[in-house]
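Engineer: here are the coordinates; sequence isn't available:
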């Protein structure tokens, strides 16, 4: 199910075509996953979202590509976004995530979920030493 | 403010003392941060939680220590746990997180927060190719 | 899938029948959507929930009906409630939401999701000027 | 800090006074906690919210009063609502929650936070046997 | 759909077999639900998770078994974990949850969801009297 | 408290100065709120975030400016972002939000929080009629 029906021919819109072409060129594949097809009904939103994904995830930077995907999965799990957990887990595997790394990612995400609840339940005061404004 | 008042002398309980001693030995510091002081009212919960933190975060493994802290921060942000964001950001800095890496972590967390909302709002169907059960 | 099985004949209970009749009369349709069918196992909960929906969403007020649905969708997305995103997106379309408005709603929800994560990750202190208690 | 400034004399409004009087009579105390003072700017919202709290939490029912508070705390922790965690933890203590019960509540909330993340990260398919619609 | 494919014969790994055997013995059934099958790719994570579930949920303690399940469901709902809501609702029914108790659980969870949003929207200051550090 | 310490003179960086100048010009005020000061440690993240805020919130569009702020507040409440709730509630008041509209916004956000929990707890199947892919 979905809340919008993608156009049968989204690339009839030249702005959509330009984004899809850039996705294909950047990822070196003809496959356009559903998120982009569903976003195409609003070309400005599609353009802004893809530009940000490309800038943040697709540009060489201070963190390596696999680490970036692990962080992306962690947020998606905490936000309970089923589509995002699926798509970024697949992306992490494509970038070399091993089963050991996957298991360890889950262990950290689960532990953080647990201690987050404890700290919130106890309303633990933040230690002065953690304050960057000191 | 907090929902429990830590004991003035938590280490009078030998189970608490054993955990605090292990925290000090493992971290090579006398500092015991507030989460552990507030958890000490329930020694079994304190023991289980510290054992898991030590096993997941303090043992050499498939992910390097800084990557593990970045993932921990990401989950804590998504769960809106103020204490955890503060303590794990401090821990990541202690493990060498540079401002460039910090900025990039935030960029990924923010982007994931954004696309998580889009995928959920559109209720995008998961692409078949992402299914590990195929 | 579901966690409760709706009764085959929920309107055998006069309290359920009264609520369903009011839903049909208020909405001018015979269609009773699944949320109400699943809530019918607890007539008191059904009554209280429908009374509140009718009072908040169905009464002329300071905000126009479409704006109210947009706010409802926004909360449902942030809470990752699949049923609610579907039902209120359909309701907003029925009340005249255009594709341009839909795209703009998603852009705001996505932007808020992004800046929420940034403000939480940075633990930005609230500016004094924003405090209504000043 | 807050986003609204409560009136200096909220009970000048007879609808607010009626609710505050009922809170005092129901709880057998003169203390009106801040949530109600801040809600008083919208008498209809105040009335509806108090009526629901009284009906759900203050009426003899299938669950005992302490169990109801424990469930309330659990939701408030998962939603990261600081005010609610504080106020309902205080209420649970007033209703007899022992430190052992408090510790156990936290252990369950923490464990659920952990397994919730695992199930979401793995996107575990729901076992057929759990489906009430079978 | 899922993000990992469980092994066809997970019990070929003796650590997995030991956990599955203990689940069967503890629960007095041959049924192993999907969460454990999907966790089996990482035996250490499986062991730690089951050990915690058994210690927290399966040991006689200050809270009765049904109350513990109700708290588990409440957290799972607030975290929007579909698998967990299904599995723990089934577990609560198996432990004797009546429809009246189920309806009342939902009423509390729903009310807490509502007042959580109100307290957060108003940014209500925590009353001094609720502070355990006083 | 905060996790980063803003530079004493952030505008020494010309990229930061350009963004701050544009914020001042766009908003017709010298006031730069803390979110931007704290984001300034990463000029690329600052630029991208401000550009998106300006494009989505500051450009005449299909939704009026006040409606956009109400949606922003709704998401911020559901995500429990204290800073965002404060800053966008202040912004909505500056754009003309009346107390009646504020109360109604809260009523909708609270109701959505409540029905979100109910639909998730019941795992209500989405009605076919709500599916845009039909």
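Structural biologist: Thanks, I have it. Only a predicted model underlies this, so the values are computations on that prediction, with no experimental measurement involved. Residues are numbered from 1 along each chain as shown, chains lettered A, B, ... in the order given.

Engineer: longest single helix anywhere in chain A?
Structural biologist: helix A:99-122 (DSSP state H).

Engineer: near chain B at all, that helix?
Structural biologist: Yes. Judged by C-beta under 8 Å from any C-beta of the partner chain, helix A:99-122 and chain B are in contact via A:100-101, A:103-105, A:107-109, A:111-122. C-betas here are computed from N, CA, C, even on glycine.

Engineer: got the angle between that helix and helix D:99-122?
Structural biologist: Here the directions of helix A:99-122 and helix D:99-122 differ by 140 degrees (axes from the mean of the first three to the mean of the last three C-alpha atoms, to 10 degrees).

Engineer: Tell me if helix A:99-122 is near chain C.
Structural biologist: No. Contact of helix A:99-122 with chain C is not found when judged by C-beta under 8 Å from any C-beta; the minimum separation is 11.8 Å.

Engineer: What is the burial count for the residue of chain A found nearest chain E?
Structural biologist: Nearest residue of chain A to chain E, counting by C-beta to the nearest C-beta: residue A:103, 3.0 Å away. By other C-beta atoms under 10 Å in any protein chain shown, 20 other residues sit near residue A:103.

Engineer: again with residue A:39
Structural biologist: Neighbours of residue A:39 under the rule other C-beta under 10 Å: 28.

Engineer: Can you tell me the closest non-neighbouring residue to it?
Structural biologist: residue A:46 (4.5 Å; C-beta to C-beta, 6 or more residues apart in numbering or on different chains).

Engineer: dump the residue contacts of the one you found.
Structural biologist: A:15, A:16, A:19, A:36, A:39, A:40 (C-beta atoms under 8 Å, 6 or more residues apart in numbering or on different chains).

Engineer: Filter the residues you listed down to the buried ones.
Structural biologist: A:16, A:19, A:36, A:39, A:40 (16 or more other C-beta atoms under 10 Å in any protein chain shown).

Engineer: Only the buried residues of the helix or strand hosting the second one, if you could.
Structural biologist: Element membership of residue A:19 [criterion: DSSP states H and E] is helix A:14-27. Neighbour-count burial for helix A:14-27, counted by 16+ other C-beta under 10 Å, picks out A:16, A:19, A:20, A:23.

Engineer: Make JSON lines out of these and add pLDDT and distance to chain D.
Structural biologist: Output for the buried residues of helix A:14-27, formatted as JSON lines (pLDDT from 0 to 100; distance: C-beta to the nearest C-beta, whole Å):
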{"residue": "A:16", "pLDDT": "98", "distance to chain D": "29"}
{"residue": "A:19", "pLDDT": "98", "distance to chain D": "28"}
{"residue": "A:20", "pLDDT": "98", "distance to chain D": "27"}
{"residue": "A:23", "pLDDT": "98", "distance to chain D": "24"}
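
Engineer: which of the residues you listed lies closest to residue C:94?
Structural biologist: Of all the buried residues of helix A:14-27, residue C:94 sits closest to residue A:16, with 26.9 Å by C-beta to C-beta.

Engineer: So the closest one is in contact with residue A:9, correct?
Structural biologist: No. With contact defined as C-beta atoms under 8 Å, residue A:16 does not count as touching residue A:9 (9.5 Å).

Engineer: any idea how far residue A:85 lies from chain D?
Structural biologist: 6 Å (C-beta to the nearest C-beta, to the nearest Å).

Engineer: That residue contacts residue E:4, doesn't it?
Structural biologist: No. If you go by C-beta under 8 Å, residue A:85 and residue E:4 don't touch, sitting 11.3 Å apart.

Engineer: tell me the centre residue of chain A?
Structural biologist: Centroid check for chain A by C-alpha atoms, centre = their mean gives residue A:72 as the closest residue, at 4.4 Å.

Engineer: And that residue, how far from residue B:80?
Structural biologist: Per C-beta to C-beta, to the nearest Å, residue A:72 is found 18 Å from residue B:80.

Engineer: before we move on, what about residue A:42?
Structural biologist: The value you get for residue A:42 to residue B:80, if C-beta to C-beta is used, is 28 Å.

Engineer: any idea how far residue A:26 is from residue A:32?
Structural biologist: 11 Å.

Engineer: dump the residue contacts of residue A:132.
Structural biologist: Listed by C-beta under 8 Å, 6+ apart, the contact set of residue A:132 reads B:89, F:1, F:2, F:3, F:4, F:5.

Engineer: Flag the least confident of the residues you listed.
Structural biologist: Within those, the minimum per-residue pLDDT falls on residue F:1 (88).

Engineer: one step back: quick one: contacts for the residue nearest to the centre of chain A?
Structural biologist: Residue A:72 touches A:57, A:84, A:88, A:91, B:108, B:111, B:112, counting by C-beta under 8 Å, 6+ apart.

Engineer: Derive a PyMOL selection command for the buried subset of those residues.
Structural biologist: Buried subset of these, written as a PyMOL selection, criterion 16+ other C-beta under 10 Å:
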select buried, (chain A and resi 57+84+88+91) or (chain B and resi 108+111+112)
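
Engineer: In JSON lines, list the contacts of residue A:72 along with distance to residue B:76.
Structural biologist: Conversion of the contacts of residue A:72 to JSON lines gives the following (distance: C-beta to C-beta, whole Å):
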{"residue": "A:57", "distance to residue B:76": "21"}
{"residue": "A:84", "distance to residue B:76": "18"}
{"residue": "A:88", "distance to residue B:76": "18"}
{"residue": "A:91", "distance to residue B:76": "23"}
{"residue": "B:108", "distance to residue B:76": "14"}
{"residue": "B:111", "distance to residue B:76": "17"}
{"residue": "B:112", "distance to residue B:76": "14"}
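
Engineer: Show residues contacting the helix holding residue A:19.
Structural biologist: Contacts for helix A:14-27 (C-beta under 8 Å, 6+ apart): A:10-11, A:30, A:32, A:36, A:40, A:43-44, A:46-47, A:50, A:54, A:58.

Engineer: Report the two of those separated the most.
Structural biologist: A:30 and A:44 (24.7 Å).

Engineer: the more surrounded of these two?
Structural biologist: Neighbour totals were compared for residue A:30 and residue A:44, and residue A:44 leads with 16 against 8 (other C-beta under 10 Å).

Engineer: Could you pull up the contacting residues of the more buried one?
Structural biologist: Counted by C-beta under 8 Å, 6+ apart, residue A:44 has contacts A:15, C:103, C:107, F:55.

Engineer: do residue A:57 as well
Structural biologist: Contacts of residue A:57 by C-beta under 8 Å, 6+ apart are A:65, A:68, A:69, A:72, B:108, B:111.

Engineer: Residue A:69 is in contact with the fifth one, correct?
Structural biologist: No. Contact status for residue B:108 versus residue A:69: not in contact, 9.0 Å apart, counting by C-beta under 8 Å.

Engineer: Can you name the residue of chain A nearest to chain C?
Structural biologist: Taking C-beta to the nearest C-beta, chain A has residue A:42 as its residue nearest chain C, at 3.0 Å.

Engineer: ok, how many other residues are close to that residue?
Structural biologist: So residue A:42, with other C-beta under 10 Å, has 21 neighbours.

Engineer: same deal with the one 10 residues further on?
Structural biologist: For residue A:52, the tally of surrounding residues (other C-beta under 10 Å) stands at 21.

Engineer: For it, give its distance to residue A:6.
Structural biologist: 21 Å.

Engineer: same check, this time on residue A:133
Structural biologist: 47 Å.

Engineer: With neighbour numbers in mind, choose between these two.
Structural biologist: residue A:6 (18 against 11).
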